[in-house]
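J.: here are the coordinates; sequence isn't available:
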């Protein structure tokens, strides 16, 4: 029986492990832990999150697709909060999970945007017409549901919240509203500039403005050493710059080798 002689044994198929997207340190939930997103390729959505120890053992899992790690995810005491753009907040504690809505956010026509802080303070924007280079912004307390005073900031910029959300570091980028030859609208966002601003989010006051020699570098989305001596990171193509956000001064810089498609990690 030639067929039986040439049969190839069938391997038992094992379920594919869940794909993961973003992974970040989560010491604000529990010391020496990481949190990662689980992405459902079939549904094209985030299926949940896992809390891991440093040996990648799963300590805790949140199954619902409740947002993503770019939007507010924070912890106070034993409760972990995940918030979506339109202000739906999922809360998980030892007793299970609940959901509530930031009604004032919805009523004011605001949406949550990156960045946020680990003490549950986040930035919200009010949209304006495309040809308006400015937009309204305010600080939102995810837990208390309160909104701070509204202030105006430039669109297309890079932003970084720190000091518990009380201060906002901004790197200006230019954007232009254009149309194609067919008349379809689109927005062209240019490279980052060397213009930096420091804003008090509790009043909207611009505290400092300065031009820094950071080449074509882009502001990172997370502050280093926020609890001690805050430092913002700007990464150029072949250099790093550390900025003191309180004085808008470059306190250190380092040239790095240029790598095609290279990835660098900076730790505190």
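T.: Yes, it's here. The model shown is predicted, which means the values in this text are computed figures rather than measured ones. Numbering: from 1, shown residues only.
J.: List the contacts of residue 82.
T.: Residue 82 makes contacts with 49, 62, 66, 67, 71, 72, 73, 89, 90, 92, as judged by CB atoms under 8 Å, 6 or more residues apart in numbering. Quick note: C-beta positions are derived from backbone N, CA and C, even for glycine.
J.: Which entry within these corresponds to the minimum pLDDT?
T.: Among these, residue 66 has the lowest pLDDT, at 66.
J.: What is the least confident helix or strand in this protein?
T.: Averaged element by element with mean pLDDT, DSSP states H and E, the chain has its least confident helix or strand at helix 2-5 (a mean of 43).
J.: what sits against the residue nearest to residue 84 when sequence neighbours are not counted?
T.: Spatial nearest neighbour of residue 84, excluding adjacent residues (CB to CB, 6 or more residues apart in numbering): residue 67 at 4.9 Å. The contact partners of residue 67, by CB under 8 Å, 6+ apart, come to 46, 73, 82, 83, 84, 90.
J.: out of those, which is most surrounded?
T.: residue 73 (27 neighbours; other CB atoms under 10 Å).
J.: Tell me the confidence at the residue nearest to that one when sequence neighbours are not counted?
T.: In space, and not counting its chain neighbours, residue 73 is closest to residue 82: 5.1 Å by CB to CB, 6+ apart. Looking at residue 82, its pLDDT is 92.
J.: Repeat that for residue 43.
T.: 74.
J.: Reduced to three states, what does it come out as?
T.: Three-state call for residue 43 (DSSP: H, G, I helix; E, B strand; the rest coil): coil.
J.: Give me the neighbour count for it.
T.: 9.
J.: how much space between it and residue 92?
T.: Distance of residue 43 to residue 92, computed by CB to CB, to the nearest Å: 21 Å.
J.: same thing with residue 234?
T.: Separation of residue 234 from residue 92 (CB to CB) stands at 35 Å.
J.: just residue 72 next, same as before
T.: 14 Å.
J.: Then residue 83?
T.: Between residue 83 and residue 92 the distance is 12 Å, computed by CB to CB.
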